[in-house]
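# fold the following, please.
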Amino acid sequence: MQISLVELLMRVFIASLFQLKFKKKQMKKLLLSIVLLLTTIATNSQCACCAGAGIGATNGDYNNGILTLPKKMFVIETYSDYRTIKKGDAPEEDEKLLTSMLINTIGVRYGITKKLTISALLPYVSLRTNYGSDSGLGDLIVLGTYSIYQKNNLNFAIQGGIKLPTGIQKDSNFDDSTIIIGSGSYDPMVGLLASKKWDKLTLNGNVLYKKSNPGFENNYYGSLSTQSLSLSYKIKGEAAICSLDENDKKPKTNFGLTANLGYTGEWLDKLKEMDIVDENSGHYLGLANLGATFSYKKWAVPVTFSQPIISKMNGTQNDFGFRFRIGIIRAF
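All right, here's what the predicted structure looks like:
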């Protein structure tokens with residue numbers, strides 16, 4: 001298992017990628033970036049043979065270093081990502097500040113050839129404040145992953161895709177503001193993935209960049225970049241869920257367990273409204289990740305805990321807290 005996020009169909013991949021914004025009907029704004037990494041989003045895991053087959057710069061689930069799915073393999077997966085936000089110096093007047101959020105995602109992946117995998121991820125976000133909660137559908141992410149090099153357990157792949165504006169915009173349930181989950185824009189995404197395997201150890205790295213175009217009300221919600229590096233260790237079993245071909249040696253057990261640790265970085269540009277830069281937006285966040293993946297036959301359950309170790313928030317913003325992510329994956 002590799003950690004990104006997404007964090008890429010799950011940690012980016014897992015990252016994925018969509019943004020959450022509370023907008024007052026006057027001027028002041030609070031912007032939070034949610035990376036499912038792509039995902040994670042930005043703090044997810046990466047599937048052994050499906051490391052790059054996920055959506056964002058982070059995402060996935062086991063540990064053999066292969067970056068695309070076998071030909072004609074289909075994978076469906078769902079994740080729940082719980083994120084906390086620390087109480088800080090950001091003012092709370094008409095706009096109520098978030099205390100936590102829950103990001104539920106569903107994704108699919110398909111191996112068109114042994115070198116090309118396509119994937120899609122759709123999030124549903126629940127927001128919590130001290131004054132109530134709200135929820136809504138986020139932006140759909142579609143990515144293609146193409147393997148460009150495979151030799152001596154060293155692998156490289158490239159990614160390309162687009163974020164589609166399926167995210168909702170509506171009046172908030174807990175204050176006099178508008179909730180925007182997504183950006184309202186078509187945003188291109190590109191990425192690079194690499195892996196190296198040694199017996200029970202696998203090293204994974206990936207970078208994903210999303211260029212934001214003008215969205216709702218012609219506002220700019222900030223381009224996003226995620227980077228991740230993770231080391232996974234196979235404790236028990238094999239990643240049979242992503243066997244490369246039918247001639248692969250049958251594993252001795254149906255059960256598998258992989259542990260991993262890693263680092264995920266996410267950079268978000270400052271937003272602009274009416275061409276005016278919001279100095280209290282944008283950040284660089286560095287996360288330490290610790291996780292495990294439990295697998296049985298064609299099923300897998302990845303679990304990841306992430307803690308910020310670098311938090312550089314522009315202007316006056318409250319810091320992010322810990323993140324916890326759990327998923328269920330089924331291969332066909």
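
# in contact with Leu127, which residues?
Shown in contact with Leu127 (CB atoms under 8 Å, 6 or more residues apart in numbering): Leu20, Leu98, Met101, Ser133, Asp134, Ser135, Ile179. All C-beta atoms are positioned from the backbone trio N, CA, C, and that covers glycine.

# how does it look with 7 Å?
With contact set as CB atoms under 7 Å, 6 or more residues apart in numbering, Leu127 has these partners: Leu98, Met101, Ser133, Asp134, Ser135.

# then Leu229?
Gly205, Gly262, Tyr263.

# which one (most neighbours) among the residues you listed?
Scoring the contacts of Leu229 on neighbours with other CB atoms under 10 Å, the highest-scoring entry is Gly262 at 28 neighbours.

# closest to Leu67 out of the contacts of Leu127?
For the contacts of Leu127, the residue nearest Leu67 by CB to CB is Met101; the value is 29.7 Å.

# tell me the strands beside whatever helix or strand that closest one lives in, with direction?
Element membership for Met101 (DSSP states H and E) is strand 98-111. According to DSSP bridges, strand 98-111 forms sheet pairs with strand 74-85 (antiparallel), strand 116-129 (antiparallel).

# the very next helix or strand once past the longest one: which residues count as buried?
The one in question is strand 116-129. Sequence-wise, the next helix or strand downstream of strand 116-129 (DSSP H and E) is strand 132-137. Residues of strand 132-137 classed as buried: Asp134, Ser135, Gly136 (neighbour count, 16 or more other CB atoms under 10 Å).

# what residues sit buried inside stretch 116-133?
For stretch 116-133, burial by neighbour count (16+ other CB under 10 Å) applies to Leu116, Thr117, Ile118, Ser119, Ala120, Leu121, Leu122, Pro123, Val125, Leu127, Arg128, Thr129.

# what about the last one, distance to Leu98?
For Thr129, the distance to Leu98 equals 6 Å [CB to CB, to the nearest Å].

# go on, the second one?
Relative to Leu98, Thr117 is positioned 34 Å away (CB to CB).

# ditto for the fourth one
As for Ser119, its distance to Leu98 is 28 Å (criterion: CB to CB).

# which regions of the chain sit below the pLDDT cut-off?
By pLDDT under 70, the low-scoring segments of the chain are 1-65, 88-96, 174-178, 238-252.

# can we see that at 50?
1-62, 240, 243-247 (pLDDT under 50).

# and of the contacts of Leu127, the nearest to Tyr296?
Met101 (30.3 Å).

# now the closest residue to Met313 other than its chain neighbours. Its backbone dihedrals?
Computed as CB to CB, 6 or more residues apart in numbering, the closest residue to Met313 that is not its neighbour in sequence is His283, at 4.7 Å. Main-chain torsions, His283, degrees, to the nearest 10: phi -170, psi 170.

# ends of stretch 180-191, how far apart?
26 Å (CA to CA, to the nearest Å).

# centre of the chain to it, how far?
13 Å (CA atoms, centre = their mean, to the nearest Å).

# again, but for stretch 265-277
Per CA atoms, centre = their mean, the displacement of stretch 265-277 from the mean C-alpha position of its chain is 20 Å.

# perfect, I'm done here.
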